[in-house]
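Colleague: Sharing a sequence plus its predicted fold:
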Number of protein chains: 2
Amino acid sequence: MTPEIPDIVIGRLPIYLRELTLLREEGYEVTSSHELGQRLGISSAQIRKDLSWFGPFGKQGTGYAIAYLQEQLKKILHLDREWQVALVGAGDLGRALARYGGFAHRGFRITRIFDNDPAKIGSYVGNIKVLSVRVMKEEIERIGIQVAMVAVPAAAAQQVTDALVEAGVRAILNYAPIVLAVPEGVHVQHIDPAAHLQHMTYYLG
Amino acid sequence: MTPEIPDIVIGRLPIYLRELTLLREEGYEVTSSHELGQRLGISSAQIRKDLSWFGPFGKQGTGYAIAYLQEQLKKILHLDREWQVALVGAGDLGRALARYGGFAHRGFRITRIFDNDPAKIGSYVGNIKVLSVRVMKEEIERIGIQVAMVAVPAAAAQQVTDALVEAGVRAILNYAPIVLAVPEGVHVQHIDPAAHLQHMTYYLG
């Protein structure tokens, strides 16, 4: 894998994969950069350029075989396996995430939930028992979990993150409204609904 | 406002604004495209190019005055006012969003919450009374709300969206794990945690 591929390009691959899955659900077997671009609001040139980092996926004039391109994107994004995910925070948001239908078939499964609230520890969210954050490090290390979601209040998020990193987690999805500091080699993505809203109000005026 | 500015550029402006706010909280008054780029993992050339769509904000050699650039970005994104937001869905996720600390001071305030569950209608989430979706259209029209968040199950999300659009909403933040269809002129952003996770697993391998 070429290491110099811009991160911004990597970030678009899951969007392409999502749209390909949708196209296939709609019964299509072949698509084009033009069609994908139309549906995603991205230029076809951009899509061709992004994909060309990883190889020639389509033939001039015949477009992309959707199933093949899906499979290749899954390999590139390391989704040819299922990733166990540790969820920290069993409040409203944590419970919503544990029940969220958008992880299945996309490579992720929440298998551990942690909280520091004695009232929540030992309770069940779906079929997963909420564990104490006190056992978080040993549990994550033991299973070798590398992916986590942080759904705790802002004031606790950095401390939780430090503990996750210490336990060996290398990818963190942060729902708290703060910017997390992590050492090099650890990846953070920030779910920032206000930024999405701000993106749209540009067009409202 | 030049209409040909790529949407992908607009999408980065809230990220710049967020980082500027953070820099200011840390006590900085001036920054540079280099510093911003380092902190955000975006090239300084990209940042200069993005901002140059909107005017010359910095002087060669002296960088950007943070407060001024913040103010300009807020104007560009129409954040020089507060947007009322309608939230549909008073389940776990809806309640988490109603309490979320990341909207304050960023231009948005949830002022109406709707649900179709008789057990939830009439209850309070924070200090907001949950209203029936039956009165949603008239309520949104009456107040002139243009921004909404959809936090309902996937099976209900398109129907809710159609009703919001009919009521005059023009910007929708979708938390349901489906792609929503909306007419031209209505904007949708999709909170898709699986896509963020997939972006990160690229680097795990």
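Modeller: Here it is on my side, so go on.
Colleague: Is the residue lying farthest from the centre of chain A in a helix, a strand, or coil?
Modeller: Here chain A reaches farthest from its C-alpha mean at A:Gly61, the gap being 32.9 Å by CA atoms, centre = their mean. Using DSSP: H, G, I helix; E, B strand; the rest coil, the structure places A:Gly61 in coil.
Colleague: now swap in A:Gln189 and tell me
Modeller: strand.
Colleague: From chain B, how far off is it?
Modeller: Using CB to the nearest CB, to the nearest Å, A:Gln189 is found at 4 Å from chain B. Heads up, the C-betas are built off the backbone N, CA and C, glycines and all.
Colleague: same question, A:Ala195
Modeller: 4 Å.
Colleague: Now that residue: closest residue in space that isn't a chain neighbour?
Modeller: Closest residue in space to A:Ala195, ignoring its immediate chain neighbours: B:Pro14 at 3.8 Å, by CB to CB, 6 or more residues apart in numbering or on different chains.
Colleague: can you pull the contacts of the one you found?
Modeller: Residues in contact with B:Pro14 (CB atoms under 8 Å, 6 or more residues apart in numbering or on different chains) are A:192, A:194-196, A:198-199, B:77.
Colleague: ditto for A:Gly63
Modeller: For A:Gly63, the contacting residues are A:30-33, A:35, by CB under 8 Å, 6+ apart.
Colleague: partners of it in the sheet?
Modeller: Here A:Gly63 sits in beta bridges with A:Lys59, as judged by DSSP bridges.
Colleague: got a pLDDT number for it?
Modeller: As predicted, A:Gly63 sits at a pLDDT of 88.
Colleague: Within its local environment, how many residues does the closest residue to A:Tyr100 other than its chain neighbours see?
Modeller: Excluding its sequence neighbours, the residue lying closest to A:Tyr100 (CB to CB, 6+ apart) is B:Pro177, at 6.8 Å. By other CB atoms under 10 Å in any protein chain shown, 20 other residues sit near B:Pro177.
Colleague: Equivalent analysis for A:Phe54, please.
Modeller: The burial count for A:Phe54: 16, using other CB under 10 Å.
Colleague: Look up how far A:Tyr28 lies from it.
Modeller: In this view, A:Phe54 and A:Tyr28 are 21 Å apart by CB to CB, to the nearest Å.
Colleague: got a winner among the contacts of B:Pro14 for most neighbours?
Modeller: A:Gln198 (29 neighbours).
Colleague: isn't it right next to B:Leu79, touching?
Modeller: Yes: assessed by CB atoms under 8 Å, A:Gln198 is found in contact with B:Leu79 at 6.3 Å.
Colleague: Quick check: neighbours shared by those two?
Modeller: Contacts common to A:Gln198 and B:Leu79, judged by CB under 8 Å, 6+ apart, are B:17, B:106-107.
Colleague: could you pull out the helices for chain A?
Modeller: For chain A, applying DSSP state H gives helices covering A:7-25, A:33-40, A:44-52, A:66-76, A:92-99, A:136-143, A:154-166, A:193-204.
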